[in-house]
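Colleague: Fold the following, please.
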Amino acid sequence: MLDPTGAMMGPEAIVERRKKYGLPCTAHFYSNPPHIVRGSMQYLYDQEGRRYVDFFTGVSVVACGHCNEAITERTVEQLRRLQHTSTIYLTQPMVELAERLADVLPGAVRRTFFCNSGSEANEGALLAARLHTGRRNFLALEYGLHGRTFLTMNVTGIPMWRADDWFDSDTATFIPRPWCDGLEPNAAARRSLEALAAVLADKGETFAAMIVEPIQGNGGIITPPDWYYRELKKMLEEHGILLIADEIQTGMGRTGRMFAMEHYEVTPDIISMAKALGNGVPIGAFSMTDEIAASYNRPSASTFGGNPVSSATALAVLDYIERHGLVDQAMVLGERLMNGLCIVQKKYPDIVAEVRGKGLMVGAELKGCGERTDAEMTDTVLERMKDRGYIIGKNGVKRNVLAFQPAMIISADDIDGMLGALDGVLADVSAESYQSL
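Modeller: Next up, the predicted model:
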């Protein structure tokens, strides 16, 4: 935050130093980015003291709010008492967290391995599936995102996030996702399952597991019909293939259920989680049944996984979610957000193509108008919403989906204020677009 003289750097200096000392693979939002220096619950503040309502929470991470005192106090308390020993010594917070997760995990999923990130969690989940089934290959949905490690990039279906060209083409087979532009949702879901059936008929015995995001995040907030995963799970079971639910963005109550797969009345064999579990403190985990856990019996460890500070923080997160009824609140406020965005869509149909999602994980897909492409329209809206005091995300294969994933402690007034600001921004860009025709 400060340069060697103690002065605030400011956005221009930070951008310049990122270019000088960072790697070109990283980027930032906005042509005129703010320098964020402080956070408090649903709000962020820049170097000039300006407040922004955060509707993206660091990519679905700070679900209980920035610097939430009820959580931060327990983090600091543990940090002062014991910070690290590794799993080769006995500490209490990690086993307390594993036990607590067993209470909220669905079905017979109850045993957990802790690590440091979502990528690690998915890597471990995939390895667990291989060890249990004795099979090598995986199924995944097109345009899913599962991580930055080598194996998780293999099962990632978004080209821009597959940074390594040296993939083993046999490792992953991709199935069309249950959404397709121009197809009705149920038809797109049937198309997906028909493709899966064809692959299973040809080489079903080669797959250890299928990994899916219940709702694709970076793929554009893709929300399958409610029956889709039930049918998919039946098909996998017929071939002895495990189902891995990547709940890294969707977990911890964001969608109005503790885990998004609960919307679909499906219990996965393995569940991965991260992001909101630590509310900003790095943590990852993957959980499985007793039977699958018994197969994960070769030596393994994670030096920082399940460390006392991350574990104590995650326990505080779970306590806060339960105490404040945030899962139910995400559903109620999510309906308010969804309904408001649908009204905006009807008002600006030439710009807002579709609204989709569950709970407080909602996407609004934009299309170009006038001289702006789909992606340019999205960047324009993001920039102007930032200027009006609202931080919104973007995702989608074409980078043209506004992503609304606010903290679950967001208020109804915050949602209404954002919707009003969005209405104003879209009115402006709509008028500009027609003037350019």
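Colleague: mind listing the helices for the stretch 51-200 of the chain?
Modeller: For the stretch 51-200 of the chain, the helices defined by DSSP state H, counting those that start in this stretch occupy 57-60, 69-81, 92-104, 118-133, 150-154, 185-203.
Colleague: Quick one: mean pLDDT for the third one?
Modeller: Pointing back at helix 92-104 there. Computed over helix 92-104, the mean pLDDT rounds to 98.
Colleague: by how many degrees do it and helix 69-81 diverge?
Modeller: Taking axes from the mean of the first three to the mean of the last three C-alpha atoms, to 10 degrees, one finds that helix 92-104 is oriented at 150 degrees with respect to helix 69-81.
Colleague: roughly how far is helix 92-104 from the heart of the chain?
Modeller: Distance of helix 92-104 from the chain centroid (C-alpha atoms, centre = their mean, to the nearest Å) equals 22 Å.
Colleague: helix/strand/coil for Met210?
Modeller: In three-state terms, and counting by DSSP: H, G, I helix; E, B strand; the rest coil, Met210 is strand.
Colleague: bridging residues for it?
Modeller: Leu139, Leu243 (DSSP bridges).
Colleague: That one touches Leu236, doesn't it?
Modeller: Yes - using C-beta atoms under 8 Å, Met210 is in contact with Leu236, at 5.8 Å. Backbone N, C-alpha and C define where each C-beta goes, glycine included.
Colleague: Which one's more surrounded, those two?
Modeller: When Met210 is set against Leu236 and neighbours are counted by other C-beta atoms under 10 Å, the residue ahead is Met210, at 28 against 20.
Colleague: And the more buried one, how far from Ile36?
Modeller: Applying C-beta to C-beta, to the nearest Å, one obtains 38 Å for the distance of Met210 from Ile36.
Colleague: Lowest average pLDDT across the helices of the stretch 51-200 of the chain?
Modeller: By mean pLDDT, the lowest-scoring of the helices of the stretch 51-200 of the chain turns out to be helix 150-154, with a mean of 93.
Colleague: Just the residues contacting that one, thanks.
Modeller: 119, 122-123, 126-127, 138, 146-147, 161-164, 167-168, 171-172 (C-beta atoms under 8 Å, 6 or more residues apart in numbering).
Colleague: Ok, which of the helices of the stretch 51-200 of the chain comes nearest Tyr434?
Modeller: Put simply, out of these the one that sits nearest Tyr434 is helix 185-203, at 30.9 Å, with distance taken as C-beta to C-beta.
Colleague: Can you give me the buried ones in that closest one?
Modeller: Using 16 or more other C-beta atoms under 10 Å as the burial criterion, the residues of helix 185-203 that qualify are Pro185, Ala188, Ala189, Arg190, Arg191, Ser192, Leu193, Ala195, Leu196, Val199, Leu200.
Colleague: who does it touch, helix- and strand-wise?
Modeller: Secondary-structure packing of helix 185-203 (3 or more C-beta pairs under 8 Å, 6 or more residues apart in numbering; DSSP states H and E): strand 137-141, strand 172-175, helix 228-237.
Colleague: which of the ones you listed sits most buried?
Modeller: Across the helices and strands packed on helix 185-203, averaging neighbours per residue (mean count of other C-beta atoms under 10 Å) puts strand 137-141 on top, at a mean of 24.
Colleague: what's the angle from it to helix 185-203?
Modeller: Interaxial angle, strand 137-141 versus helix 185-203 (the same axes, to 10 degrees): 170 degrees.
Colleague: Just give me how far strand 137-141 sits from the chain centre.
Modeller: If you compare the mean C-alpha spot of strand 137-141 with that of the full chain, they lie 19 Å apart, counting by C-alpha atoms, centre = their mean.
Colleague: mind checking pLDDT for Gly182?
Modeller: In the predicted model, Gly182 carries a pLDDT score of 89.
Colleague: Give me the phi and psi for it.
Modeller: Backbone torsions for Gly182, taken as degrees, to the nearest 10, come to phi 100, psi -10.
Colleague: Could I get the contacting residues of it?
Modeller: Here Gly182 is in contact with no residues (criterion: C-beta under 8 Å, 6+ apart).
Colleague: buried ones in stretch 346-357?
Modeller: Here stretch 346-357 shows Tyr348, Ile351, Val352, Glu354, Val355, Arg356, Gly357 as buried, counting by 16+ other C-beta under 10 Å.
Colleague: contacts for that stretch?
Modeller: Applying C-beta under 8 Å, 6+ apart, the external contacts of stretch 346-357 come out as 215, 221-223, 255, 334, 338, 341-342, 344-345, 362-367, 369, 377, 404, 423, 426-427, 429-430, 433.
Colleague: Would it be right to say that Gly39 lies in a helix?
Modeller: No - for Gly39, which was evaluated using three-state DSSP, the result is strand, with no helix membership.
Colleague: Report the contact partners of Leu44.
Modeller: Ile36, Arg38, Arg51, Tyr52, Asp54, His66, Ile391.
Colleague: What about these, which one has the most neighbours?
Modeller: Neighbour counts for the contacts of Leu44 peak at Asp54, which has 25 neighbours (criterion: other C-beta under 10 Å).
Colleague: Find residues that contact each of Met210 and Leu236.
Modeller: Once C-beta under 8 Å, 6+ apart is applied, the residues that Met210 and Leu236 both contact turn out to be Leu242, Leu243.
Colleague: list the contacts for the residue most central in space within the chain?
Modeller: For the chain, Gln249 is the residue whose C-alpha lies nearest the centre (C-alpha atoms, centre = their mean; 2.3 Å). Under the criterion of C-beta under 8 Å, 6+ apart, the contact list for Gln249 reads Val59, Ser60, Glu213, Ile215, Gly217, Lys275, Met361, Gln405.
Colleague: can you count the residues close to Gly396?
Modeller: The number of residues packed around Gly396, counting by other C-beta under 10 Å, is 24.
Colleague: let me redo that: Glu73
Modeller: One way to gauge burial is a neighbour count; for Glu73, by other C-beta under 10 Å, it gives 11.
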